[in-house]
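>>> Structure for this input, please:
(chains A and B)
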2 protein chains.
Amino acid sequence: MSGKQKEPVTREWQNQTLPEIESAELVAQSKLFKIEQIDLTFANGEKRIYERMKGSGRGAVMVVPCLNDDEMMLVREYAAGTHTYELGFPKGLIDAGETPEEAANRELKEEIGFGARRLTKLKTLLTAPTYSSAKMHIFIASDLYEASLPGDEPEPLEKEVWSWSAFQDLMEHPDFNESRSVSALLMAKSLLKK
Amino acid sequence: MSGKQKEPVTREWQNQTLPEIESAELVAQSKLFKIEQIDLTFANGEKRIYERMKGSGRGAVMVVPCLNDDEMMLVREYAAGTHTYELGFPKGLIDAGETPEEAANRELKEEIGFGARRLTKLKTLLTAPTYSSAKMHIFIASDLYEASLPGDEPEPLEKEVWSWSAFQDLMEHPDFNESRSVSALLMAKSLLKK
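Numbers count the residues shown, from 1 in each chain, chains lettered A, B, ... in the order given. I've put the predicted structure just below:
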């Protein structure tokens, strides 16, 4: 950490004023998704109509499970949005009443059969803030121990152990595409000095 | 690049078989979003009903604009999903008929008033493949020249110049949260050896 420079070198404006939400209306809804239309007036008087997804607000977690100094575990899970199996880190929604750390430990037990004695928070990421409030808390898990919980997955997840020496190959793997997994891998690499 | 190890150390299964999409139905629709419900049968016979967002399929671009060897430009843009101004890299949807590179150059001209003589592809990221097919092509832009195009933004974007020496401060900045911008920054750091 530099400890000195907390600001950009230059910035053109400061203190942007948030637009006013003049009205908000639910315009479409399914079991999982709610779409809201909002009428906005920006600080300069410009008006726009935007749409956004209303989430549960509970947030989600993703965990980089470190098996030892050199190896981490990834999972391959069916992704309905792309109809592909995607390689990435264990993840899931936070249940009601859970802390992010508790959710991280539960997801590890459900998806890869390990609990973690140590969770280190990396960052909270927004998925697509332009139209969604979805956020995901990213952790590194270490000091793992064997412990399983039944999950709600339709099939057991394929587990893959990757070495840090294969970092570049993982980055270029055709199944490793999800932005939040890429962010998690790169933040873990930086923190662990790999 | 290791050039040797292209596979994980161990993997538990291989050749996962994609579930069958038995039926698909549009269950909700707004101006921007279409929600589809799909009935799935997994290879082990388990059945599930999932929902997913049907996108335009056009994809989007994000660009890390390098002003010189030490500095890059970020923008602060209103994000309706979180009702905040988010700090990140210039981005936008690919227009009909555009290549990703053409879209990257157009977005740079619209959002920060520069064109790029050189675009280097970093990776194509998926945003949230569990329920969306949205993908974003990430580029580094260099050899910039002044060139503006009118955009469709309701207000000019605040531009911020950041030095690589302030990398850690940028990572910890409370407005720098979007996963795709975090991935882009970390991939650019790795490629540029910063």
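
>>> Just the local confidence number for residue A:9, please.
For residue A:9, the model assigns a pLDDT of 79.

>>> can you pull the contacts of the nearest residue to residue A:9 once chain neighbours are set aside?
Distances taken as Cβ to Cβ, 6 or more residues apart in numbering or on different chains put residue B:161 closest to residue A:9, at 4.4 Å, once the chain neighbours are dropped. For glycine as for every other residue, the C-beta is placed from the backbone atoms N, C-alpha and C. Neighbour list for residue B:161: A:8-11, B:67, B:71-74 [criterion: Cβ atoms under 8 Å, 6 or more residues apart in numbering or on different chains].

>>> and the residue positioned nearest the centre of chain A, what are its phi and psi?
Nearest to the geometric centre of chain A sits residue A:136, at 3.6 Å (Cα atoms, centre = their mean). With angles defined as degrees, to the nearest 10, residue A:136 sits at phi -140, psi 130.

>>> that older thread, please identify the one among the contacts of residue B:161 that lies nearest to residue A:35.
Nearest to residue A:35 out of those is residue B:74 (Cβ to Cβ; 29.1 Å).

>>> tally of neighbours for the closest one?
27 (other Cβ atoms under 10 Å in any protein chain shown).

>>> contacts for the lengthiest helix in chain A?
Assignment by DSSP state H gives helix A:179-192 as the longest helix of chain A. The contact list for helix A:179-192, computed with Cβ under 8 Å, 6+ apart, reads A:62, A:64, A:66, A:72, A:74, A:87-89, A:91, A:120, A:122-123, A:125, A:127, A:136, A:138, A:140, A:164, A:167, A:170-171, A:176, A:194, B:123, B:125-128, B:136, B:171, B:179-180, B:182-183, B:186-187, B:190.

>>> what about 6 Å?
A:62, A:64, A:88-89, A:122, A:125, A:136, A:138, A:140, B:125, B:127, B:179-180, B:182-183, B:186 (Cβ atoms under 6 Å, 6 or more residues apart in numbering or on different chains).

>>> do the same with stretch A:64-83
A:85-87, A:89-90, A:111-112, A:140-142, A:157-164, A:184, A:188, B:50, B:52, B:129-133.

>>> Mark which of the contacts of residue B:161 are buried, thanks.
Buried members of the contacts of residue B:161, counted by 16 or more other Cβ atoms under 10 Å in any protein chain shown: A:8-9, B:67, B:71-74.

>>> Just put those in a markdown table and tack on distance to residue B:106 and secondary structure.
As requested, the buried ones among the contacts of residue B:161 are arranged in a markdown table below (distance: Cβ to Cβ, whole Å; DSSP: H, G, I helix; E, B strand; the rest coil):
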| residue | distance to residue B:106 | secondary structure |
| --- | --- | --- |
| A:8 | 24 | coil |
| A:9 | 26 | coil |
| B:67 | 19 | coil |
| B:71 | 22 | strand |
| B:72 | 19 | strand |
| B:73 | 16 | strand |
| B:74 | 18 | strand |
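
>>> what's the closest of those residues to residue B:38?
The closest of these, once distances to residue B:38 are taken by Cβ to Cβ, is residue B:74, at 37.8 Å.

>>> Is that closest one bridged to anything, and to what?
Beta-bridge pairing for residue B:74 (DSSP bridges): residue B:160.

>>> returning to what we had before: pick the one among the contacts of helix A:179-192 closest to residue A:106.
residue A:62 (13.0 Å).

>>> Would you mind giving the domain segments of chain A?
A:20-54, A:60-192 (automatic domain parsing).

>>> What's the per-residue pLDDT of residue A:57 here?
Taking residue A:57 on its own, its pLDDT is 81.

>>> Can you tell me the closest non-neighbouring residue to it?
Using Cβ to Cβ, 6+ apart, the nearest residue to residue A:57 is residue A:133, at 6.9 Å.

>>> residue at max distance from the center of chain A?
Most peripheral residue of chain A (Cα atoms, centre = their mean): residue A:45, 34.9 Å.

>>> Which secondary structure state does it sit in?
Under DSSP: H, G, I helix; E, B strand; the rest coil, the three-state class of residue A:45 is coil.

>>> quick one, phi/psi of it?
Dihedral angles (degrees, to the nearest 10) for residue A:45: phi 90, psi -10.

>>> before we move on, what about residue A:22?
Torsion angles, degrees, to the nearest 10, at residue A:22: phi -70, psi -40.

>>> Could you report the neighbour count for it?
Neighbours of residue A:22 using other Cβ under 10 Å come to 11.

>>> you'd agree it is up against residue A:42?
No. Using Cβ atoms under 6 Å, residue A:22 is not in contact with residue A:42, being 11.0 Å away.

>>> low-scoring pLDDT stretches of chain A, where are they?
Applying pLDDT under 70 to chain A picks out residues A:1-6, A:12-15.

>>> Please name the spatially closest residue to residue A:49 (chain neighbours excluded).
residue A:39 (5.7 Å).

>>> re earlier: contacting residues around the residue nearest to residue A:57?
A:55, B:81-82.

>>> Which ones among those lie within helices?
Going by DSSP H, the helices hold none of those.

>>> Among those, which one lies nearest to residue B:26?
Nearest to residue B:26 among the contacts of residue A:133, with distances taken as Cβ to Cβ, is residue A:55, at 21.1 Å.
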